[in-house]
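Engineer: Sequence below, structure please.
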Amino acid sequence: MKRLAFLATMGLSTCVLAVGLHTEVQVEATLVSIEQMWVDAVAHGDRVTLDELLDNSFIETMPNGARRSKADVLFAPALPPGSVQTLGNLKVRVLGNVAMVTGVNHYTPASGLKTIDYAFTNLYVRRGDTWRVASSHTTLGSVHDV
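Structural biologist: Down below sits the predicted model:
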């Protein structure tokens with residue numbers, strides 16, 4: 001009987017762990033998707049999407065040390081036509097209702113110009129079932145040829 005109880009407990013523990021891992025993988029995929037939606041929204045000046053993604057408490061610290069609020073981001077112009085942003089080296093860490101995404105934004109201001117790498121750390125908070133960006137900190141990385 002003790003052996004059966006032990007096996008049942010092990011089986012239940014395995015199921016709970018599998019569900020937890022599955023949920024964490026889903027959260028990681030969601031956050032990576034939000035990162036791409038954010039980049040696309042900035043590129044196209046999509047203020048509606050930015051308003052949905054950014055928490056009302058959002059603060060961004062830029063490479064030069066300047067800080068921008070959600071309102072500042074919403075009223076900023078779209079990126080110049082022909083500019084390209086691609087994300088790389090994304091790492092997601094989920095800590096309950098808070099998550100951190102780190103990575104590199106490879107930004108090319110226009111065709112034929114040098115690409116600038118910006119390393120970033122974005123902090124997310126879960127509000128109900130929705131993840132929102134609460135903070136972003138970006139530093140200047142390297143500049144290289146396309």
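Engineer: strand partners of the longest strand along the chain, parallel vs antiparallel please.
Structural biologist: Across the chain, the strand with the greatest residue count (assigned by DSSP state E) is strand 130-144. Strand pairing for strand 130-144, using DSSP bridges, gives strand 54-61 (parallel), strand 115-127 (antiparallel).
Engineer: The first one: which residues count as buried?
Structural biologist: In this case it means strand 54-61. Neighbour-count burial for strand 54-61, counted by 16 or more other C-beta atoms under 10 Å, picks out 54-55, 58-61. In short, each C-beta sits where N, CA and C put it, glycine included.
Engineer: Identify the farthest-apart pair in those.
Structural biologist: D55 and T61 (15.0 Å; C-beta to C-beta).
Engineer: lowest-confidence helix or strand of the chain?
Structural biologist: helix 2-44 (a mean of 69; mean pLDDT, DSSP states H and E).
Engineer: and the next element down the chain from that one?
Structural biologist: helix 47-53 (DSSP states H and E).
Engineer: got the CA coordinates for that next one in PDB?
Structural biologist: Provided in PDB are the C-alpha atoms of helix 47-53 (Å, rounded to 0.1, in the frame of the first residue of the first chain):
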ATOM      1  CA  ARG A  47       0.000  53.900 -30.900                       C
ATOM      2  CA  VAL A  48      -3.000  51.700 -30.200                       C
ATOM      3  CA  THR A  49      -0.800  48.600 -29.900                       C
ATOM      4  CA  LEU A  50       1.800  50.500 -27.900                       C
ATOM      5  CA  ASP A  51      -0.900  51.600 -25.500                       C
ATOM      6  CA  GLU A  52      -2.100  48.000 -25.000                       C
ATOM      7  CA  LEU A  53       1.500  46.700 -24.500                       C
END
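Engineer: residues contacting T30?
Structural biologist: By C-beta atoms under 8 Å, 6 or more residues apart in numbering, the contact set of T30 is W131.
Engineer: how close does it get to T61?
Structural biologist: For T30, the distance to T61 (C-beta to C-beta, to the nearest Å) stands at 24 Å.
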